[in-house]
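> below is the sequence, then the predicted model.
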Amino acid sequence: MGRLLSRYRSAPALLGPGDDAAMIAAPDGRFVISVDTLVEDQDFRVEWPSGVRTSGYDVGWKSAAQNLSDINAMGAIATAAVISLSLPRDTPLEWVEGVALGFSAALEQLGAGRCSIAGGDVGRSGEISITAAVTGHLSGAEPRVRSGARPHHVIAVCGHLGAAGAGLALLDQPASSGVSERPWSSDEQRCVDLQLRPEPPLREGPVAVVRRASSMMDISDGLLRDAGRIARASGVVMAIDSSALTFDLDVLRDAGERLEINPLNWTLTGGEGHALLATYASLEDVPSGWHAIGEVRAGQPQVLVDNHEPSALGFDHFSGV
């Protein structure tokens, strides 16, 4: 896999593909590492009920995006990736090459151009799965963790909220169903695109704000569920104001009308968009490009929306909701 990937992207690691292991620099003596897996029919479908086919490029891009977002959310800069790809014997070579192209393109286009592809592995399996591990360095700063939120801090987000969730709902609609008879609008297509190829906000992320955010994490399972993780780690209440969540609703309206779903549901619970969720000591600390959406309060760890406990939090890997 390393040799295939190196055809599409050079690897400026200290020692890249070609040996039994790669060697990666740790500029300040530390590095952060994250790993994520995408599995066919769990995290993506080769062919969706809507008739859309997922390309190898899509899967490669998504694998890069979700891992880069985790590194970004720690306040680190991605430095190297290793990738393991398992697939059925009859998988077309063009599809596999697409994975390499998509992963490499995501590094460049999302703003992680300094991240090298240091190696990987290919194996045979009954279904397609791709696992990537990405390392990053902190440039002497302290990592941003989930346990730093304090009462009276401001809750803020950066990136797309809900669009990937709406895109998933559109992809899951059977092509023969009545709701899929008319073509998708440009906004609906944008939602589908953000499900297949997420765009985490790396350029507006921790490089500029790492010393200001008191806590931070990647939103992969929905705003409410991930806000609950900060609440538990910090021992606080995360109180969200739904009236502050209008900044991304326009792109969700067409999908909401088609599927008869309140777009706010996707904003609150839709996952896989890989926006950033953070807390700041004051409103003045919230950087440009971010949206203040609530406040941290003292109390037993929980998430509130408009001062009420929500009925649903979002995706859970084992319950499927």
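Happy to help now that I have it.
> for the strand or helix carrying Ala166, name the packing helices and strands.
Taking DSSP states H and E as the definition, Ala166 sits inside helix 163-171. Of the remaining helices and strands, those touching helix 163-171 by 3 or more Cβ pairs under 8 Å, 6 or more residues apart in numbering; DSSP states H and E are helix 186-196, helix 253-259, helix 263-269. Just so you know, the C-beta spots here come from the backbone N, C-alpha and C atoms, and that holds for glycine as well.
> let me see the ranges of the strands in the chain.
With DSSP state E applied, the chain shows strands at 32-39, 77-87, 116-124, 129-137, 154-158, 213-219, 237-240, 275-280, 291-297, 302-305, listed in chain order.
> and the ones you listed as CSV, adding mean pLDDT, mean neighbour count and distance to Glu97?
Supplementary listing: these in CSV, determined by pLDDT from 0 to 100; neighbours: other Cβ atoms under 10 Å; distance: least, Cβ to Cβ, whole Å:
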stretch, mean pLDDT, mean neighbour count, distance to Glu97
strand 32-39, 96, 17, 17
strand 77-87, 94, 24, 11
strand 116-124, 89, 20, 12
strand 129-137, 95, 23, 14
strand 154-158, 97, 24, 33
strand 213-219, 95, 25, 28
strand 237-240, 98, 23, 43
strand 275-280, 96, 26, 30
strand 291-297, 98, 19, 39
strand 302-305, 98, 20, 43
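> I'd like those strands laid out as CSV, including distance to Ala22.
Compiled in CSV, the strands of the chain are given as follows (distance: least, Cβ to Cβ, whole Å):
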stretch, distance to Ala22
strand 32-39, 13
strand 77-87, 7
strand 116-124, 4
strand 129-137, 10
strand 154-158, 31
strand 213-219, 24
strand 237-240, 39
strand 275-280, 28
strand 291-297, 38
strand 302-305, 40
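> and of those, who's closest to Asp20?
Relative to Asp20, the nearest member of the strands of the chain by Cβ to Cβ is strand 116-124, separated by 9.2 Å.
> CA atoms of that closest one as PDB?
Once side chains and other backbone atoms are set aside, the C-alpha atoms of strand 116-124 remain, and they are given as PDB (Å, rounded to 0.1, in the frame of the first residue of the first chain):
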ATOM      1  CA  SER A 116       3.300  12.700   4.500                       C
ATOM      2  CA  ILE A 117       2.000   9.200   3.600                       C
ATOM      3  CA  ALA A 118       4.600   7.100   5.400                       C
ATOM      4  CA  GLY A 119       3.400   3.600   4.400                       C
ATOM      5  CA  GLY A 120       0.600   1.100   4.600                       C
ATOM      6  CA  ASP A 121      -0.600  -2.400   3.900                       C
ATOM      7  CA  VAL A 122      -3.100  -4.200   1.700                       C
ATOM      8  CA  GLY A 123      -4.900  -7.400   2.600                       C
ATOM      9  CA  ARG A 124      -7.800  -9.600   1.400                       C
END
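> angle of it against strand 77-87?
If you take axes from the mean of the first three to the mean of the last three Cα atoms, to 10 degrees, strand 116-124 sits at 10 degrees to strand 77-87.
> and strand 116-124, what does it pack onto?
The elements that strand 116-124 packs onto, with contact taken as 3+ Cβ pairs under 8 Å, 6+ apart, are helix 2-6, strand 77-87, helix 93-110.
> try it again with 10 Å
helix 2-6, strand 77-87, helix 93-110, strand 129-137 (3 or more Cβ pairs under 10 Å, 6 or more residues apart in numbering; DSSP states H and E).
> quick one, which of the ones you listed is nearest to Leu268?
The nearest among those, by Cβ to Cβ, is helix 93-110 at 24.8 Å.
> just the buried residues of the closest one, please?
Along helix 93-110, the positions that meet the burial threshold by neighbour count (16 or more other Cβ atoms under 10 Å) are 95-107, 110.
> if we can go back for a sec, quick one: closest of the helices and strands packed on strand 116-124 to Ser186.
helix 93-110 (20.2 Å).
> and the gap between Asp221 and Ala21?
To Ala21, Asp221 is 32 Å away according to Cβ to Cβ, to the nearest Å.
> any low-confidence regions in the chain?
Low-confidence segments of the chain, defined by pLDDT under 70: 1-13, 16, 177-181, 204-211, 314-321.
> could you chop it up by domain?
Under automatic domain parsing, the residue ranges defining each domain of the chain are 2-137, 146-305.
> to Ala312, which of those domains lies closest?
Ranking these by their distance to Ala312 (criterion: Cβ to Cβ) puts domain 146-305 first, at 5.8 Å.
> if we can go back for a sec, looking at Asp221 and Ala21, which is more packed in?
Set Asp221 next to Ala21 and count neighbours by other Cβ atoms under 10 Å: Asp221 wins out with 19 against 9.
> one step back: okay, the helices and strands packed on strand 116-124 in TSV with distance to Gly120 next?
As requested, the helices and strands packed on strand 116-124 are exported to TSV (distance: least, Cβ to Cβ, whole Å):
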stretch	distance to Gly120
helix 2-6	5
strand 77-87	4
helix 93-110	9
strand 129-137	8
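> brilliant, that's me finished.
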